[in-house]
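K.L.:
Predicted model follows, preceded by the sequence.
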Amino acid sequence: MNSAGPEIPAKSHGPQGGRSGARALPELRELLFVADHLGGHARVETLATLEHGGFDFPLVAIHLGPNDPRCPALALFGGVHGLERIGTRVVTAYLQTLAQLANWDRGTQALLESTRVLLIPLVNPVGMYLQRRANGNSVDLMRNAPVDAEDMSPWHLFGGHRISPRLPWYRGATGAPMETEAQAVCDWVRREIFPSRVALAVDVHSGYGNLDRLWFPYARSRTPLATLPEIMALKKLLDRTHAHHVYRIEPQSCEYLAHGDLWDYLYDEYRVAQPEGVFTPLTLELGSWIWVKKNWRQAFSPLGIFNPRLPHRERRTLRRHIFLFEFLLRAVRSPSAWAELSAERRERLLSQGLALWYD
Ligand SMILES: [Zn+2]
């Protein structure tokens, strides 16, 4: 996006009567612009409208492919943390590429006849507008699910706490309902993904470490998850298919534990709803320290820690992950390669996964 951004959509007042949040937030403006030009390939839905500072911010979901929620699905999420603007841009960039491919590429057209791509590129628009991690109520949406981590010290604030909304990583008050954004994501995932036997999700974040990580559950525990063999099979498939890929794949618990992780919560709930199915939510944690290392002045601004600041580095990031999304889209369409395993193969992959990640 150039610095001026695309034009503001004609409809400049939101449903709550406030001014359109697109006026105040370039990432939302870009997303609505792309959504407005998807033509017949997509369905655009507003899951909720968040009011802040006289602006209405829509929580936008986009669906490509068939309407049947039993079809295999790849779901992409970004902007859960308001400072991590690059996540929204990475997901929106892929949406734009996919919509263009759907216009002319017969392979993509055939793929979208049987496979769904679901996107919520900007989960926390108010947080992004306010330039902070949490949402408008100062709640960290990725610590907001009703799940407690095991064996975590109460001093480990980073993993989520209920001390005060003035501190980052606040989970929300005990017993309070989930925040509108977190609730809307969960309801949408239940409706759109739970009926499917094979689904992958990628939630794009930034700000941790100096390499790009792909995390799978759990964040709450060091216990291996039930579909570890399928994750190991997917990892080996990625290693074989893209031998030079850049990702470190590991359970989030290898790095740190956290309360209230939405993906832990939804993964467990899916297991109950669809015991034979395979739903793998991944967090793509972009290693932002690389950008800071190359341009150390960035370290002095909150946005600089989480986002590439120089145009060439930003463009590199926007194109760097497209092959991953394409790979995952092919993987949900071809589950026999990794998600439909014989008992014998599961056994073998389980011991490999345990040895690699849980030793
Ligand atoms: Zn994040």
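P.N.:
Yes, it's here. All figures in this text were calculated on a predicted structure; none of them were measured in a lab.

K.L.:
ranges for the helices of the stretch 151-300 of the chain?
P.N.:
Using DSSP state H, counting those that start in this stretch, the helices of the stretch 151-300 of the chain run over residues 180-192, 228-241, 262-273, 289-294.

K.L.:
Of all the ones you listed, which one comes closest to the ion?
P.N.:
Among these, the nearest to the ion by Cβ to the ion is helix 262-273 (11.4 Å). Heads up, the C-betas are built off the backbone N, CA and C, glycines and all.

K.L.:
now the closest one against helix 180-192, angle please.
P.N.:
30 degrees (axes from the mean of the first three to the mean of the last three Cα atoms, to 10 degrees).

K.L.:
Pull out the buried residues from helix 262-273.
P.N.:
262-270 (16 or more other Cβ atoms under 10 Å).

K.L.:
just stretch 243-255 next, same as before
P.N.:
Neighbour-count burial for stretch 243-255 flags 247, 249-253 (criterion: 16+ other Cβ under 10 Å).

K.L.:
Go through those and name the one nearest the ion.
P.N.:
Using Cβ to the ion, those come closest to the ion at residue 252, 11.5 Å.

K.L.:
wait, what's in contact with that closest one?
P.N.:
Each residue near residue 252 by Cβ atoms under 8 Å, 6 or more residues apart in numbering is listed here: 215-219, 258, 261, 283.

K.L.:
What about these, which one has the most neighbours?
P.N.:
Neighbour counts for the contacts of residue 252, by other Cβ atoms under 10 Å, peak at residue 219, which reaches 28 neighbours.

K.L.:
which stretches of the stretch 51-200 of the chain form strands?
P.N.:
55-64, 73-78, 116-120, 198-206 (DSSP state E, counting those that start in this stretch).

K.L.:
The stretch 201-350 of the chain too?
P.N.:
Under DSSP E, counting those that start in this stretch, the stretch 201-350 of the chain gives strands at 213-216, 248-251, 278-286.

K.L.:
a markdown table please, covering the ones you listed and showing distance to the ion and mean pLDDT.
P.N.:
A markdown table is the format used below for the strands of the stretch 201-350 of the chain (distance: least, Cβ to the ion, whole Å; pLDDT from 0 to 100):
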| stretch | distance to the ion | mean pLDDT |
| --- | --- | --- |
| strand 213-216 | 11 | 98 |
| strand 248-251 | 16 | 98 |
| strand 278-286 | 7 | 97 |
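
K.L.:
Which among those is found nearest to residue 36?
P.N.:
strand 278-286 (26.3 Å; Cβ to Cβ).

K.L.:
give me the beta-bridge partners of the residue most central in space within the chain?
P.N.:
With distances taken as Cα atoms, centre = their mean, residue 203 lies nearest the centre of the chain, 1.4 Å away. Per DSSP bridges, the residues bridged to residue 203 are residue 77, residue 283.

K.L.:
hang on, the earlier thing: redo the contacts of residue 252 as CSV? Include distance to residue 134.
P.N.:
Shown next, in CSV, are these (distance: Cβ to Cβ, whole Å):
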residue, distance to residue 134
215, 20
216, 24
217, 22
218, 23
219, 17
258, 14
261, 15
283, 18
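
K.L.:
now, the most widely separated pair of these?
P.N.:
216 and 258 (13.8 Å).

K.L.:
and of the helices of the stretch 151-300 of the chain, who's closest to residue 353?
P.N.:
Closest among the helices of the stretch 151-300 of the chain, once you apply Cβ to Cβ, is helix 228-241, at 4.0 Å.

K.L.:
In the closest one, which of the residues would be classed as buried?
P.N.:
Of the residues in helix 228-241, 228-235, 237-238 count as buried by neighbour count, 16+ other Cβ under 10 Å.

K.L.:
try stretch 305-317
P.N.:
305-308, 317.

K.L.:
Can you tell me the closest non-neighbouring residue to the residue in the stretch 201-350 of the chain that the ion sits nearest to?
P.N.:
The ion sits closest to residue 205 of the stretch 201-350 of the chain, with a gap of 3.3 Å, by Cβ to the ion. Distances taken as Cβ to Cβ, 6 or more residues apart in numbering place residue 285 nearest to residue 205, at 5.0 Å, with adjacent residues excluded.

K.L.:
dump the residue contacts of the one you found.
P.N.:
If you count contacts by Cβ under 8 Å, 6+ apart, then residue 285 has 205-209, 212-215 around it.

K.L.:
So residue 338 is in contact with residue 229, correct?
P.N.:
No. Contact between residue 338 and residue 229 fails when scored by Cβ atoms under 8 Å: they sit 9.2 Å apart.
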